[in-house]
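> have a look; sequence and predicted model below, questions after that.
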Amino acid sequence: MKKDFVTSINNGQKINPPLYLQPEACTVDGRTLLIIHVPSGSQVCRHHGRIFDRSHEADIDITDNSDLVYQLYARKSGSYFVNKVTYARKSGSYFVNKVTRFQMNDLRPDLIERARAMTVSRTANHPWKSLSDEELLRSAGLILKDPERQMEGITLAAILLFGKDSTILSVLPQHKTDAIFRVENVDRYDDRDVIITNLLETYDRLIAFGQKHLSDPFVQEGVQSVSARDRILREICSNSLAHRDFSSGYVAKFVIERDRLYTENANRSHGHGTLHLSSFEPYAKNPPISKVFREIGLADELGSGMRNTYKYTKLYSGGTPEFIEGDVFRTVIPLTPIAVEKVGPQNEGRRPPHDTPYDAPHDTPHERILAFCTEPRSKTEIMRHCGYQDSKHFTKKYLKPLLESGQLQMTLPDKPQSRNQKYVTAQKSTPEN
């Protein structure tokens with residue numbers, strides 16, 4: 001088996017370019033296993049002249065799909081897409097090799113000054129304080145020399161961070177971030193912001209969109225109160241912008257739904273499946289952009305975003321976030337219903353989600369419980385619906401008073417501690433004529 005494997009794997013007619021792998025034998029419970037370590041490589045291999053890409057548990061033949069082949073080469077490339085000197089075609093030129101470099105006047109000086117001010121506010125003696133705009137870009141690695149043309153110019157990362165909107169669209173016409181609030185109108189949306197601009201202002205608009213549509217409950221960390229909502233938004237927005245694969249045409253999304261908040265963006269994946277906090281290995285997707293984000297305070301060291309998101313999601317909703325690696329990277333933050341019920345577009349004429357014999361608006365927790373319990377509900381279901389986590393406090397403040405007043409009834413009154421216990425709204429008596 002060793003001989004056959006080594007012979008086949010080195011046969012250029014089967015796998016090209018050939019791979020040089022060495023099987024190792026070991027014994028487990030009396031059985032011999034052959035272990036073959038296949039490291040990640042920078043080359044794209046063909047099997048019998050075909051190119052395959054791994055998607056979860058399937059091998060997909062992508063030979064005839066030029067976009068997928070390009071993305072595969074881009075993922076394996078040793079250089080970064082955003083870390084290349086960017087050129088523009090000359091007007092009226094019919095030859096693609098007749099290009100001109102983008103210059104400093106294609107960038108916005110106000111954005112560069114904003115980045116300088118943000119770094120100085122964090123570190124009073126930061127080196128960027130005394131540098132000119134061009135020197136600042138050079139120190140951040142945003143002005144490089146193209147080894148092929150032997151020309152120096154600004155990189156795509158510089159244009160994405162500080163470029164004019166017209167400059168960004170001329171280089172990356174597919175660049176867009178779609179922010180959607182979808183709670184009442186689940187077929188379309190309740191609110192939407194299509195963002196086509198530089199990364200700094202995209203970050204601002206995503207944060208503002210999240211703050212507009214998500215409540216900000218009181219959360220205490222140690223002896224200080226913190227905004228868990230804003231901490232979560234900071235981490236997932238900066239991650240979506242700094243680690244996005246800008247070569248892809250996939251539209252990045254920031255979506256708020258009734259029970260979750262999630263982001264999606266194109267990704268140069270290094271595996272597939274859910275990432276786990278205890279075992280994941282952080283990988284810089286766009287180092288120049290990540291560096292600027294760290295300097296101006298929109299991000300921290302590599303890998304901290306995932307840990308912070310876990311921490312503040314527990315404080316915000318009591319749930320566990322999901323990070324799903326693939327050609328599209330997804331971050332999912334669970335939400336409690338109360339997170340979106342207090343804010344966002346309101347419709348005065350809408351009915352509550354469950355029929356109720358009460359005509360008054362359901363503004364108080366007691367009224368929401370009674371409206372929800374027109375059908376028998378368990379205490380866990382009621383707490384989840386109303387967005388509460390402390391069972392003891394919920395029982396004492398809301399459930400017990402409703403039971404004592406007779407507005408709420410037990411389905412098993414003789415077994416108040418039964419795990420099958422449910423609660424139902426008492427029917428209003430109708431006076432006889």
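Noted; the coordinates are in hand.

> for the closest residue to residue 321 other than its chain neighbours, give me the pLDDT.
Distances taken as Cβ to Cβ, 6 or more residues apart in numbering place residue 313 nearest to residue 321, at 4.7 Å, with adjacent residues excluded. Where you see a C-beta, it was placed from the backbone N, CA and C, and this is true even at glycine. Looking at residue 313, its pLDDT reads 93.

> ok, residues contacting the helix or strand residue 313 falls within?
Using DSSP states H and E, residue 313 falls within helix 304-316. Identification of contacts with helix 304-316 by Cβ atoms under 8 Å, 6 or more residues apart in numbering yields 217, 219, 221, 226, 228-229, 231-232, 235-236, 238-239, 275, 277, 280, 282, 299-300, 319-321, 323, 331, 333-334, 339.

> out of the residues you listed, which sit inside strands?
219, 221, 226, 323, 331, 333, 334 (DSSP state E).

> what about burial for the residues you listed, which qualify?
323, 331, 333, 334 (16 or more other Cβ atoms under 10 Å).

> CSV for those, including distance to residue 249 and pLDDT?
Below are those laid out as CSV (distance: Cβ to Cβ, whole Å; pLDDT from 0 to 100):
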residue, distance to residue 249, pLDDT
323, 23, 92
331, 20, 94
333, 26, 95
334, 30, 94
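
> now do the contacts for the closest residue to residue 186 other than its chain neighbours.
Distances taken as Cβ to Cβ, 6+ apart put residue 257 closest to residue 186, at 7.7 Å, once the chain neighbours are dropped. For residue 257, the contacting residues are 182, 183, 186, 335, by Cβ under 8 Å, 6+ apart.

> point out where the stretch 101-250 of the chain drops to low pLDDT.
Applying pLDDT under 70 to the stretch 101-250 of the chain picks out residues 101, 147-149.

> now do 50
For the stretch 101-250 of the chain, applying pLDDT under 50 flags no range at all.

> other SSEs contacting the host helix or strand of residue 371?
Assessed by DSSP H and E, residue 371 sits inside helix 365-372. If contacts are counted by 3 or more Cβ pairs under 8 Å, 6 or more residues apart in numbering; DSSP states H and E, helix 365-372 sits against helix 379-386, helix 400-405.

> pLDDT on the last one, on average?
Averaging the model's pLDDT scores along helix 400-405 yields 88.

> still on that earlier bit, now render the helices and strands packed on helix 365-372 as a markdown table, adding mean neighbour count and distance to residue 205.
Formatted as a markdown table, these follow (neighbours: other Cβ atoms under 10 Å; distance: least, Cβ to Cβ, whole Å):
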| stretch | mean neighbour count | distance to residue 205 |
| --- | --- | --- |
| helix 379-386 | 16 | 32 |
| helix 400-405 | 13 | 43 |
